[in-house]
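Chemist: Compute the structure for the input listed below.
(one chain, ligands or ions: 1)
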Amino acid sequence: MERLKRWFEFNRWYLRRGRPPWDTGVSPPELLAFIAAHPPGRALDLGCGTGTNVVTLARHGWRVTGVDFAVKAIVEARRKARAAGVQADLRLGDVTQLDNLAGPFDLILDIGCFHGLPADGRSAYARNVKRLLAPSGTFLLYVMFKADAQSQRSGILEADLALFAPELALVARADGVDTARGRPSAWLTYRFSASVATMATAHGQDECSSAG
Ligand SMILES: C[S@@+](CC[C@H](N)C(=O)[O-])C[C@H]1O[C@@H](n2cnc3c(N)ncnc32)[C@H](O)[C@@H]1O
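Modeler: So this is what the prediction gives:
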């Protein structure tokens, strides 16, 4: 029931005249910095909206899949990809039900989708991320927070981030305030705990050998 309500709300946002507040048409500096620091690979944008970030990634050589359950958003994303002359796999679907999607993805991106999911959807979502992320891949997540569990506003509690542990480890976090809504927010970067441990070991060995 909750899922249906959100599906209806998001579809209505895109059908209104004018753009929804998040649909700025501009990729955020956090994504651009990631692109600049990593070679292109396979990317998945969960809750891709009208495809701004799908197109940005594709323009930089990434093979991108975008998933959103809002019909008009996916239609617009396909139009933007065509207009930009890039290939992208843009799918109408639910990010909590991705059984027909195969990984691995070197980047899983989510700007503003996870924090709007109902509680039961969040667990399924986290399972999908762990299944689809490449062993050395990055999960880049932008979330807004809410003050308490009773609040009806979209947003997560800090405790919701535990859904990604222990398999995924938080390797970077930048807290801020969402510019459109004036609410606490954060950019979170996750990698598989095993790959973080391997990198730490390799780094330690490098230091030992260069010190010796
Ligand atoms: C705040 S918007 C952000 C859109 C896009 N990432 C951007 O930055 O422009 C959240 C998006 O997630 C989508 N969404 C929310 N719940 C979803 C679900 N369960 N499955 C697929 N898409 C979902 C909405 O339709 C909406 O496009």
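
Chemist: Could you use CA atoms for every contact and neighbour count after this?
Modeler: Will do.

Chemist: is the ligand contacted by the helix or strand containing Gly121?
Modeler: Counting by DSSP states H and E, the element that carries Gly121 is helix 119-132. No. Shown here: helix 119-132 not in contact with the ligand (C-alpha under 6 Å from any ligand atom), separated by at least 7.2 Å.

Chemist: strand partners of the next helix or strand after that helix, parallel vs antiparallel please.
Modeler: Where DSSP H and E defines the elements, the next helix or strand beyond helix 119-132 is strand 133-144. Strand 133-144 has the following strand partners under DSSP bridges: strand 105-111 (parallel), strand 184-192 (antiparallel).

Chemist: what's the angle between strand 133-144 and helix 119-132?
Modeler: 150 degrees (axes from the mean of the first three to the mean of the last three C-alpha atoms, to 10 degrees).

Chemist: Can you list the neighbours in contact with strand 133-144?
Modeler: 103-115, 129, 154-156, 178, 183-192, 195 (C-alpha atoms under 8 Å, 6 or more residues apart in numbering).

Chemist: And Ala58, how far from the ligand?
Modeler: Distance, Ala58 to the ligand, by C-alpha to the nearest ligand atom, to the nearest Å: 15 Å.

Chemist: List phi and psi for that residue.
Modeler: phi -60, psi -40 (degrees, to the nearest 10).

Chemist: and the residue nearest to Arg131 when sequence neighbours are not counted, how many neighbours does it have?
Modeler: Distances taken as C-alpha to C-alpha, 6 or more residues apart in numbering put Gly103 closest to Arg131, at 7.4 Å, once the chain neighbours are dropped. Around Gly103 there are 15 other residues, counting by other C-alpha atoms under 10 Å.
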